[in-house]
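1. requesting a structural model of the entry that follows:
(4 chains)
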There are 2 protein chains.
Amino acid sequence: MPLPHSATARGPRQHDVYDTLRHAILNGDLRPGEGLSETKLAAQFGVSRTPVRDAVRRLSDDGFLRVVPQVGTFVAPIQLTAVADSQFVRETLECRTIRLAAERLDPVQASALDRHLAAQERAVAANDAAAFFAADEAMHADLIRIAGRPAVWNLILDVKAQLDRVRCLSLESADWLAMIFDQHRVIIERTRARDADGAEAAMRAHLRSVFDAIDRIAATNQEYFEDTPADPAR
Amino acid sequence: MPLPHSATARGPRQHDVYDTLRHAILNGDLRPGEGLSETKLAAQFGVSRTPVRDAVRRLSDDGFLRVVPQVGTFVAPIQLTAVADSQFVRETLECRTIRLAAERLDPVQASALDRHLAAQERAVAANDAAAFFAADEAMHADLIRIAGRPAVWNLILDVKAQLDRVRCLSLESADWLAMIFDQHRVIIERTRARDADGAEAAMRAHLRSVFDAIDRIAATNQEYFEDTPADPAR
DNA sequence: GCTTGTACGCTAGTATACAAGTTTGTTGAC
DNA sequence: GTCAACAAACTTGTATACTAGCGTACAAGC
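-> Here you go, the predicted model:
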C-alpha cells in the first residue's frame, strides 16, 4: 500500500493545519463550496503560506478541498457517488477481514473485543456519542488487526472519512447508538463463535444499516451534495 | 472516494516532476535507499524547490519516498508486508467486482472485453510486454467499470503500484505472457457466461499466480527489500 | 591509538517576494 | 439605462532567501 499518510513525517505545524482543517470540514464547520484563502489561513494559523499549502494540497488529495488555480480553494462538495464507492470499498474489505478475524481469533484478542463492547455500553448509557464512536473505531480497527491486515485499517480510515462527513451532518440519538451497539454485539458474538459466515453477514448488515442512515441524511440535506460524477475536464 | 489523486489539479511542471520520479522509482532507475535532494532535483528539472517539494510530498504519501526532516529524502525500501497488503486489497476488491461484472455484462461491454483479449493476443505474438500490460490494465479497468464502480480502479491503481514495483525487477518471458493471457481468457469466458462464481475463482487464481511470481522475484532480489513492518517511532 | 569536542556542509522546513491569471467593481461612453 | 472597457484587488503558482537541525570530518586532548 503504504496506505495513505502512513509513512509520512510532517512537522508539527503542517500537522496542526491539516488536522484542524480536516476536522472542521468533517464536522461541517466548513461547508461545501465555502472558499478558503491560503493567505488568510496562514495569517489565521500564524504561519507562512508554505505549510498551509502543504496542508491544502494534502486535503485536496483526500478529496476534501478543490483547488482552482488562480481562482481559489473551496471545500469540496460531498459527491454521493464517492460516498457510495466508499461504502462499497469498506464493505468489501471489512466483510473479508471479519472472516479472517473469526478464523484467527485467540482468547487474548477476544477479551480485547469484549473491552471495546464494554466501553461502548458505557457510552450508550451516558449517551456520549463521541466516546461511542471512538470505541466503535477502535473495535473495527482491532478486528482488522486480528485478521492480520493492520495496514488495511488505514485504507478504511481514508474511505470512511467520506462516510463520516455525511454522518456528521446529523446528531445521533440514544436509540441509534443502542441499535449500533446491538449490531456490534452480534458481530463479536459470531466472531467469538468462529462463525465466519455469521460474522460476515452481521458485519454486512451493520455496515449497510449505517449506510442506509447516511442515505437518509443525504436525502434531507441535499443542499450539501453534488451527485454528478467528477468533471473529466477540470 | 475520492480516490487518491482523482480530484487534484496540478500544474504541468508538478505533473512532470511527479511522473518522472514515480516512473524512475517503479522502473528501478532509482533504487531503494537511494538519496535524493530537493535542491538537486530542482536544478535537474529546471524548476524551483516548491514544485519539487509538492512532487516529493506526494510520492511520500504514495509510499515511494521517505522524507527524514533535516536529513534527506530517500527512495523507500519495498516493504514485503506492504506488498502483501496490496495484494490482499486488490484481490478482495477485484474478486468482488468481477462478480458484479458477470451479473451486469451487456453485449457491447462483452465485445469491448474481446477487443482487450485480441490486443493481448497480438502483444503475446509480438512478445511485446509493454503492450501486453497496457492491454492488461485496460481490461481490468474495464471489468471494474462494468461492475459499476469505476472509481474503485483508481484505488486499485494505487495499491497495484506496490506490486508493479516488484514486478518491474524482472523481465517477462514469452511463456509468462502466454500463461497470463490464458488466465485472462478464462476470466472473460466465465464473465461472458454470467458465471459469477467461476469468474471470481478465475480472477482469484489469476491474481494469486501473479502474486506468487512476485514472491519469487522478491526471493531472488532480497537486497531491495525490507520486511520489517513500519517503525512506529519514526 | 582512541575518544571527544568542534566546525563545517548538508538537509528539509519555513518565510517572503514576485509572477500570472481570474474575478469583480467601477467608470465612462453610448 | 445598458454595456463595454478598464483597473484594482483578489487568487494560486513559482522562485528565492533564510532558519534550524543533523551528520560527518577533522582536529585536539587524553
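2. residues making contact with the helix or strand containing A:Glu189?
-> Using DSSP states H and E, A:Glu189 sits in helix A:174-192. If you take C-beta atoms under 8 Å, 6 or more residues apart in numbering or on different chains as the criterion, helix A:174-192 is touched by A:98, A:101-102, A:105, A:110, A:113-114, A:116-117, A:120-121, A:123-124, A:127, A:129, A:132, A:136, A:139, A:143, A:198-199, A:201-203, A:205-206, A:209-210, A:213. (Glycine included, C-beta is placed from N, CA and C.)
3. may I have the secondary structure class of the residue in chain A sticking out farthest from the centre?
-> Centroid-distance maximum for chain A: A:Gln70 at 31.3 Å, with C-alpha atoms, centre = their mean. Following DSSP: H, G, I helix; E, B strand; the rest coil, the label given to A:Gln70 is coil.
4. shouldn't A:Gln44 be within a strand?
-> No: going by three-state DSSP, the assignment for A:Gln44 is helix, not a strand.
5. please report how far it lies from A:Arg115.
-> 40 Å (C-beta to C-beta, to the nearest Å).
6. let me know the pLDDT of the residue farthest from the centre of chain A.
-> Reading off the confidence values, A:Gln70 has pLDDT 92.
7. gap between it and chain B?
-> 11 Å (C-beta to the nearest C-beta, to the nearest Å).
8. how about the residue nearest to A:Ala131 when sequence neighbours are not counted, what does it touch?
-> Of all residues beyond its chain neighbours, the one nearest A:Ala131 is A:Ala123 (4.0 Å), with distances taken as C-beta to C-beta, 6 or more residues apart in numbering or on different chains. By C-beta under 8 Å, 6+ apart, the contact list for A:Ala123 reads A:129, A:131-132, A:135, A:177.
9. quick one: low-confidence parts of chain A?
-> Scanning chain A for pLDDT under 70 picks out the ranges A:1-14, A:227-234.
10. can you do 80?
-> Within chain A, the stretches with pLDDT under 80 are A:1-15, A:171, A:222-223, A:226-234.
11. for it, what spans make up the helices?
-> For chain A, applying DSSP state H gives helices covering A:12-27, A:38-45, A:49-62, A:80-104, A:107-125, A:129-146, A:150-167, A:174-192, A:196-219.
12. any chance of these in TSV with distance to DNA strand D as columns?
-> TSV is the format used below for the helices of chain A (distance: least, C-beta to the nearest atom of the strand, whole Å):
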stretch	distance to DNA strand D
helix A:12-27	11
helix A:38-45	4
helix A:49-62	6
helix A:80-104	21
helix A:107-125	35
helix A:129-146	31
helix A:150-167	21
helix A:174-192	37
helix A:196-219	28
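13. residues near A:Thr191, how many?
-> 27 (other C-beta atoms under 10 Å in any protein chain shown).
14. cool, A:Ala24 as well?
-> 16.
15. for the one 4 residues further on, same thing?
-> A:Gly28 is surrounded by 16 other residues when neighbours are defined as other C-beta under 10 Å.
16. how many neighbours does the nearest residue in space to it that is not next to it in sequence have?
-> The shortest distance from A:Gly28 to any non-neighbouring residue, by C-beta to C-beta, 6+ apart, is to A:Cys168 (5.6 Å). Look at A:Cys168: counted by other C-beta under 10 Å, it has 15 neighbours.
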